[in-house]
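Visitor: One predicted model, sequence on top.
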Amino acid sequence: MFCGAFHEAVVTLEHDGYELRERRGPIHQPVFVVVAWALLAAGSRVAAEPCEASSKKDAEHASADRLLSRLADEGVVGRRG
């Protein structure tokens, strides 16, 4: 999914992805709630806080950014410059 962003990883990521938690609102104005997650080689699963957006793609991008920030804060990946 978004492993390309983890080129400075300190540990190996086994899997990553997105979880669609909710879709609400009318068809012409939907709201998608998405969570990005990563499974580290050590077996622990790290997830971002849920993100909302009017498109699934935008919600995935926002959640991936939050996940990258969380992994950087925890020292799993280097900060993006």
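Guide: Looks like it arrived, so ask away.
Visitor: only C-alpha atoms for contact and neighbour calcs from this point on.
Guide: Will do.
Visitor: Would you state the helices of this protein in chain order?
Guide: Under the criterion DSSP state H, the chain contains helices at 56-73.
Visitor: List the contacts of the nearest residue to Glu19 once chain neighbours are set aside.
Guide: Spatial nearest neighbour of Glu19, excluding adjacent residues (Cα to Cα, 6 or more residues apart in numbering): Val35 at 5.1 Å. Applying Cα atoms under 8 Å, 6 or more residues apart in numbering to Val35 gives the contacts Tyr18, Glu19, Leu20, Arg21, Ala47, Ala48, Glu49, Pro50, Cys51, Glu60, Ser63, Ala64.
Visitor: surely the last one meets Val46?
Guide: No: under the criterion of Cα atoms under 8 Å, Ala64 makes no contact with Val46, lying 11.5 Å away.
Visitor: Alpha carbons of the biggest strand by length in the chain, in CSV - could you do that?
Guide: Ordering each strand of the chain by length in residues (DSSP state E) puts strand 13-24 first. What follows is strand 13-24, C-alpha atoms only, in CSV (Å, rounded to 0.1, in the frame of the first residue of the first chain):
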residue,chain,number,x,y,z
LEU,A,13,7.3,-3.9,7.9
GLU,A,14,5.5,-7.1,7.2
HIS,A,15,2.2,-5.7,5.9
ASP,A,16,0.4,-2.4,5.8
GLY,A,17,-3.0,-1.3,4.7
TYR,A,18,-6.2,0.6,5.3
GLU,A,19,-9.4,-0.2,7.2
LEU,A,20,-12.6,1.5,6.1
ARG,A,21,-14.3,2.0,9.5
GLU,A,22,-17.4,3.8,8.4
ARG,A,23,-19.2,5.4,5.4
ARG,A,24,-22.0,7.8,6.2
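Visitor: Of the contacts of Val35, keep whichever come out buried.
Guide: Those of those that meet the buried threshold are Tyr18, Ala47, Ala48, Glu49, Pro50, Cys51, Glu60, Ser63, Ala64, by 16 or more other Cα atoms under 10 Å.
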